[in-house]
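S.K.: Structure, please.
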Amino acid sequence: LILVLVISVVLAGLAAFTIAISFNATQVSAEWEDLSQEGISCESVSDLLRNELVNDLRNSGLTASAWLAEVRDGTRFNPNTPKTFPGFPGVEGVVEAVSPAGSGALWIDIKASTNINNSETDQGVIQRIRIGSSSMMEFAMLTKNTNCMFCHMKIKGDVGSLADLEPGWGAANSGAGSSIDGNVYVAGQAVEGTGAHTGTINGTDVTGTVYEDHVSSKLPEDTDGDGEPDFPAIDPVIAAQKATGSIWAGDTANSGSDGSGVWVTPLMGDWDSSVTSTVTTIPAGHTGATWKPASDSVLNSTIEGNLTLIGTDANPIQLNGDIFVTGDVVIKGKVSGKGAIYAGRNVYIAGDLVYANAPTSMDNDADAIAAIAANKDELRLAARSNIVMGDWTYMEDDGTTIQRMRDRQGQAFMTSSMDLRATRYFKATDNGTSSSELNYIDGSYFDDQGNEVPSSQVVTINDSDELGFAGNHTSIGDADLKVTVKPDNFDSLLAPAQVQSDGSLHHWMDQSEFRSILGTKTYSDMMYRYPTTDDDDINVRQLGAGGEDIDLMPNNTSHYDDDFYGSAGEGRYVKKTSYFTYAIETGEKDWPTHVTRVDAFLYSNKRITGLTPMVNGLVLNGGMVSEEIQVLAPGRGNMMNWATPSTYGDASPTTGLSFQDTATPNEHGDLMDSFYLNFDYRLRNGGLGYNLIANSTGDRVMFRRLIAGES
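M.R.: As a prediction, this is how the structure comes out:
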């Protein structure tokens, strides 16, 4: 009986315990369900408030910094003032914090909570959103390959590399002579040379901190699945929808009497610089020659076709807001106003591009804020494909004869540095043209938005024609030495043209027409170079002009030819090294105009490239962001500091060349002998950014869930 009673008591206890546990579990489950629902509601309110903030900024007509200042002082979205939304009772959102004025950062912290008025939080989330341009635009230079540009390069601002960074050309400390006044963010490793010391990367001086294996919101994401970060491409549809600006150049009649003007060439049209007739709007479906807008009109928002812009001191290019051009943009000269020009294909900088109202200084965030307040000019250039500086051409004016190596330095440099002889792929479209080039990855094709393209829609460009030197130089067999051109492969990327669905190219502007816009300028003692091999015979044949050869030259020797041009006082120095054969043509001569100053921030999805031969340097005030950057502007430097050359030809000079690189940098003034790249700090302080690139303003850069009891 006692045993039965004990068992009964135990069973009763177990039953009571089970009921209690069951009741408690149900209660806990309900509580967890409530908490989960509250968390979801907090996230919803947080995003609703984020959308309100972004829409208010876009509709305000204010710059990001000016709008943020009004949020900071309570004129808009007073910080710490709760806001509720229908459908989410008991949840409040609030602007909890704003980036400090003058900090060089533009962000807002949004908090959403179920108990925001008390010191403790039941459920909540907090997120930080970016205001203004993508943080990728906070670099003076960001690319996958920054290595061989560090010859005589002086950078003011941060540098980002999406691969290993080894300034120079691979030799230990070959980046010496270059400097980076800022931080360095490397997705891989910063490769150091031998005998280096703290504060350098392979000889390049660095004043800031070097971050290796770096991952942050500053760097782009991998969108096409190839394991490497990809830059956010310009989506032409979004750009056309959001472009709201206007542009103008030339005098009141757009007569171009001083060389200024604005011209539009239809995608399948032909360039005509002599056009005099003007129209207010282009006729629907027009595929003819170039046209000009009438004198009482400006070009607004989206421009169908290719745009050519030339500004002068008297009639600068006048820019107001964002412009989208479906084709190519050719631009040079003086620029006034604030805005961004987006090209659906390429941008060509065909000469110096200079602000009419430039900042006097841009050393730091304080200078940037002062320049914004003073309403100084701001230009942003963006290309869906490439930005090309200077002379890219390689054919004579007859359109059939390849130029001497002397005259196609830009083409030779770009072809060899970026492998522009390789097969290229494009997406066929319904209007007879094609999109920018596709990425070919593991047997599949991807467009610049990361979307896979069926092979049935792919146009393949694989030119079988390969052009080398003119005359008897075509017999040289070394392909790399010749720096050959596959015209279709090269032109599909860099020429002002459209790739059609049948694989043919429509050149809306040919090479001689482009050179007519580039123009010529008189330079003294122009220096250029040829690739070198250890074969003296091959090397010497390159040095001939139009067929004649100079005597064999061993490495590290120099020659001088006073008869090269058939007149006294003019001649050519030649020096052969283990890397290149250098030539200097002495005396004043007309050469294609070289780009020596660019006032603009440059962004492209594919490439930024170009060459400034060794007679002047390059000053770029803005920055460069692109998947691949190969711009060569080494200036004169020590390469022209030669000893007196050996006698060659009919005469020898009494003294050798000795040009010294002693210039000091001047951000917005005279031209220098090196490549000076100066970051425009306005991009991170609320100046004009790239509003048409997706995923910039309103991007979430931090998200954290708050736990119960956390303030």
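
S.K.: Which elements pack onto the helix or strand in which Lys606 is found?
M.R.: Assigned by DSSP states H and E, Lys606 belongs to strand 597-611. On a contact count with 3 or more Cβ pairs under 8 Å, 6 or more residues apart in numbering; DSSP states H and E, strand 597-611 meets strand 346-355, strand 378-383, strand 386-389, helix 409-418, strand 434-437, helix 487-494, strand 618-632. Just so you know, the C-beta spots here come from the backbone N, C-alpha and C atoms, and that holds for glycine as well.

S.K.: hmm, 6 Å instead?
M.R.: Contacts defined by 3 or more Cβ pairs under 6 Å, 6 or more residues apart in numbering; DSSP states H and E place strand 597-611 against strand 346-355, strand 378-383, strand 386-389, helix 409-418, strand 618-632.

S.K.: Just put the ones you listed in CSV and tack on mean neighbour count and distance to Leu677.
M.R.: Listed next are the helices and strands packed on strand 597-611 as CSV, based on neighbours: other Cβ atoms under 10 Å; distance: least, Cβ to Cβ, whole Å:
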stretch, mean neighbour count, distance to Leu677
strand 346-355, 24, 15
strand 378-383, 26, 15
strand 386-389, 28, 13
helix 409-418, 22, 18
strand 618-632, 25, 5
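
S.K.: any idea of the angle the strand holding Lys606 forms with strand 618-632?
M.R.: On the basis of axes from the mean of the first three to the mean of the last three Cα atoms, to 10 degrees, strand 597-611 is oriented at 10 degrees to strand 618-632.

S.K.: and Thr209, which of the helices and strands packed on strand 597-611 is closest to it?
M.R.: Closest to Thr209 of those is strand 618-632 (Cβ to Cβ; 19.2 Å).

S.K.: who does the host helix or strand of Tyr528 pair up with?
M.R.: Using DSSP H and E, the element containing Tyr528 is strand 520-531. For strand 520-531, the paired strands and their directions (DSSP bridges) are strand 580-592 (antiparallel).

S.K.: in the partner strand, what's buried?
M.R.: Of all the residues in strand 580-592, those buried under the rule 16 or more other Cβ atoms under 10 Å are 581-586, 591-592.

S.K.: Okay, angle between it and strand 346-355 too, please.
M.R.: Using the same axes, to 10 degrees, strand 580-592 lies at 70 degrees relative to strand 346-355.

S.K.: quick one, strand 580-592 and helix 409-418 angle?
M.R.: Using the same axes, to 10 degrees: strand 580-592 against helix 409-418 is 140 degrees.

S.K.: where in the stretch 351-500 of the chain is pLDDT low?
M.R.: Scanning the stretch 351-500 of the chain for pLDDT under 70 picks out the ranges 430-434, 468-482.

S.K.: Tell me which residue lies nearest the centroid of this structure.
M.R.: Tyr603 (2.7 Å; Cα atoms, centre = their mean).

S.K.: Show me what that one is bridged to.
M.R.: Here Tyr603, judged by DSSP bridges, has bridge partners Ala382, Val625.

S.K.: need the helices for this protein, in chain order.
M.R.: 2-60, 64-72, 236-242, 365-373, 409-418, 479-482, 487-494, 511-518, 536-543 (DSSP state H).

S.K.: Distance check, the spatially closest residue to Thr312 that is not a sequence neighbour against Lys332.
M.R.: Nearest residue to Thr312, sequence neighbours excluded (Cβ to Cβ, 6 or more residues apart in numbering): Ser260, at 4.3 Å. Using Cβ to Cβ, to the nearest Å, Ser260 is found at 10 Å from Lys332.

S.K.: what's the answer for Ser41, then?
M.R.: 56 Å.

S.K.: who's in contact with Gly208?
M.R.: 182-183 (Cβ atoms under 6 Å, 6 or more residues apart in numbering).

S.K.: Let me know the pLDDT of it.
M.R.: At Gly208, the predicted lDDT confidence score is 91.

S.K.: and what of Ile317?
M.R.: You'll see Ile317 listed with a pLDDT of 90.

S.K.: If the closest residue to it other than its chain neighbours is in a bridge, with which residues?
M.R.: Spatially, and ignoring its direct neighbours in sequence, Ile317 is nearest to Gly311 (3.8 Å; Cβ to Cβ, 6+ apart). Note on Gly311: beta-bridge partners Gly333, judged by DSSP bridges.

S.K.: doesn't Ile331 make contact with Gly311?
M.R.: No - applying Cβ atoms under 6 Å, one finds Gly311 not in contact with Ile331, separated by 8.2 Å.

S.K.: Looking only at neighbour counts, state which of these two leads.
M.R.: Gly311 (27 against 24; other Cβ atoms under 10 Å).

S.K.: Now list whatever residues contact both of Ser260 and Lys332.
M.R.: Joint contacts of Ser260 and Lys332 (Cβ under 6 Å, 6+ apart) are Ile310.

S.K.: Looking at those two, which is more packed in?
M.R.: Neighbours were counted for Ser260 and for Lys332 using other Cβ under 10 Å; Lys332 has more, 25 against 22.

S.K.: Need the per-residue pLDDT for that one.
M.R.: Looking at Lys332, its pLDDT reads 96.

S.K.: Distance check, it against Ile317.
M.R.: On the measure of Cβ to Cβ, Lys332 and Ile317 end up 9 Å apart.

S.K.: do the same with Val275
M.R.: From Val275 across to Ile317, the span is 19 Å (Cβ to Cβ).
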